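[1] pasted the sequence and its predicted model underneath.
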Amino acid sequence: MIPVTGGTAARRAILSVLSAVSVFSALSCEDTGVRPTTTVQASDSADQVLEGFSHYVTHNGILRSRVEADTAFFFDPTQMNELHGLKVVFFDVKGAESSTLTAKRGTYRWQDGSMQASGSVVVVSPDGRRLATDVLKYDNATNTILTDRHFTFDRGEEHLEGNSFRSDPDFKNVVTDRPRGVTGNGMLLPGQ
């Protein structure tokens, strides 16, 4: 402690100076270093990055799909892949191609073979049936594609829209919520 001699005015002056010095010291200790200008991207934190990725997905020994991507980011702790430039070819039980999915990106889970595609998702069957949506999930255990988002489904002159969609990749068993559209013979579906 600094001994102060003199009257209360001198003590007040010294306390004011010490207060100003402590405030200045506190302000000067603030970190004004360089701050990062970007966020961490998948490529910055991935354990592995592959270009030209291709992987076959099976269930109980039956080929279900072939997953391809322009770039695949592997994350070992979560056993997940982030895929960019995604293409998935689905196969029926006889091994014939049943449909092909394309999307800007996707997530693949190694534990169960499930996937989620996002960004301009389109699924097309060899006979021309076409499903389009923003996000589509694939459940490998049940061999089901589904979305809880708006979708469009076209087959020839038929056009179907709705708020959710669930089907096998062959488009044989289709379930929708609030379907609306036009059938091949011009008949309007409910919701019009």
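    Yes, it's here. A quick note: this is a predicted structure, and the numbers were derived from the prediction, not measured.

[2] C-alpha only now, for contacts and for neighbours.
    Fine.

[3] which residues of the chain fall in strands?
    Counting by DSSP state E, the chain has strands at residues 48-59, 62-75, 80-91, 97-109, 115-124, 130-139, 144-147, 151-155, 158-162, 164-167, 175-177, 180-182.

[4] in the longest one, what's buried?
    Of the residues in strand 62-75, those buried under the neighbour-count criterion (16 or more other CA atoms under 10 Å) are 63-75.

[5] quick one: it to strand 115-124, angle?
    Interaxial angle, strand 62-75 versus strand 115-124 (axes from the mean of the first three to the mean of the last three CA atoms, to 10 degrees): 130 degrees.

[6] and the contacts of strand 62-75?
    Identification of contacts with strand 62-75 by CA atoms under 8 Å, 6 or more residues apart in numbering yields 42-43, 45-58, 80-93, 95, 140, 143.

[7] now a PyMOL select for only the buried ones of these.
    Buried residues within the contacts of strand 62-75, by 16+ other CA under 10 Å, are selected in PyMOL with:
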select buried, resi 42+49+53+57+80+81+82+83+84+85+86+87+88+89+90+91+92+140+143
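
[8] residue ranges with poor pLDDT in this protein?
    Scanning the chain for pLDDT under 70 picks out the ranges 1-44, 184-192.

[9] 80 instead, please
    Applying pLDDT under 80 to the chain flags the ranges 1-44, 183-192.

[10] for the nearest residue to Asp112 once chain neighbours are set aside, what are its contacts?
    If the residues on either side of it in the chain are set aside, Asp112 comes closest to Asn140, at 6.9 Å by CA to CA, 6 or more residues apart in numbering. Asn140 is in contact with 59, 64, 112-114, counting by CA under 8 Å, 6+ apart.

[11] mind running it again at 10 Å?
    Asn140 makes contact with 57-59, 64-65, 112-115 under the criterion CA atoms under 10 Å, 6 or more residues apart in numbering.

[12] for those residues, which one is nearest Asn163?
    The nearest member of the contacts of Asn140 to Asn163, counting by CA to CA, is Met115 at 20.3 Å.

[13] was I right to think that closest one contacts Lys87?
    No - using CA atoms under 10 Å, Met115 is not in contact with Lys87, being 11.5 Å away.

[14] who touches both of these two?
    Contact with both Met115 and Lys87 is made by residues 67, 106, according to CA under 10 Å, 6+ apart.
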